[in-house]
Structure formats: C-alpha cells, structure tokens
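> Dropping a prediction and its sequence here:
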Amino acid sequence: MTTDKARLNVYIPQELKDRLDRLAETDRRSLSVTVELLLLDALERREKDSTE
C-alpha cells in the first residue's frame, strides 16, 4: 500500500503513550490517526495565536 505520509519516530514517556492509547480506543481510531489529529489541532491553534 502506497501512502504520501511520512514516518516519524519519537520518544515519549510511557504515561503519555498510555494516555494516547486510551484516547485512540475511546475515539475508535488508530493511535497514528489520533496523534495526527492532535498535532494538526495544536499547530492550527499555535498558527492562529501567532497571527493575532
């Protein structure tokens, strides 16, 4: 399966990983999609705040 998405390896505390896993399960999404959505939301908020 071909994708236009880049792979990103990061190190995070186990507690944060556990929280992300729980959120993904609650939202019935994969961990990857959950992290992607959280990053997009954070970036959009930061970019909005920097233009105000």
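Structure's in. What do you need?
> list the helices and strands the helix or strand of the chain with the lowest mean pLDDT packs on?
Lowest by mean pLDDT, DSSP states H and E among the helices and strands of the chain is helix 31-51, with a mean of 95. Secondary-structure packing of helix 31-51 (3 or more Cβ pairs under 8 Å, 6 or more residues apart in numbering; DSSP states H and E): helix 14-27. C-beta here means a position set from N, CA and C on the backbone, and glycine is covered the same way.
> who touches the helix it packs on?
The contact list for helix 14-27 (Cβ atoms under 8 Å, 6 or more residues apart in numbering) reads 30-31, 33-35, 38.
> One more: stretch 32-43?
Here stretch 32-43 makes contact (Cβ under 8 Å, 6+ apart) with 20, 23-24, 27, 29.
> Go through the least confident helix or strand of the chain and flag the buried ones.
Residues of helix 31-51 classed as buried under the neighbour-count rule (16 or more other Cβ atoms under 10 Å) are 34-35.
> quick revisit: by neighbours, which of the contacts of stretch 32-43 wins?
Highest neighbour count within the contacts of stretch 32-43, by other Cβ atoms under 10 Å: residue 24, with 18 neighbours.
> any idea which of the contacts of helix 14-27 is closest to residue 11?
residue 35 (13.5 Å; Cβ to Cβ).
> what about the closest one, distance to residue 18?
Distance of residue 35 to residue 18, given as Cβ to Cβ, to the nearest Å: 13 Å.
> Equivalent analysis for residue 36, please.
18 Å.
> what's the answer for residue 28, then?
To residue 18, residue 28 is 18 Å away according to Cβ to Cβ.
> Please say which of those two ends up with more neighbours.
Counted by other Cβ under 10 Å, residue 28 and residue 18 do not tie: residue 18 has more neighbours, with 10 against 7.
> residue nearest the centroid of the protein?
residue 35 (1.6 Å; Cα atoms, centre = their mean).
> Would you mind checking the average pLDDT for stretch 13-28?
Mean pLDDT, stretch 13-28: 98.
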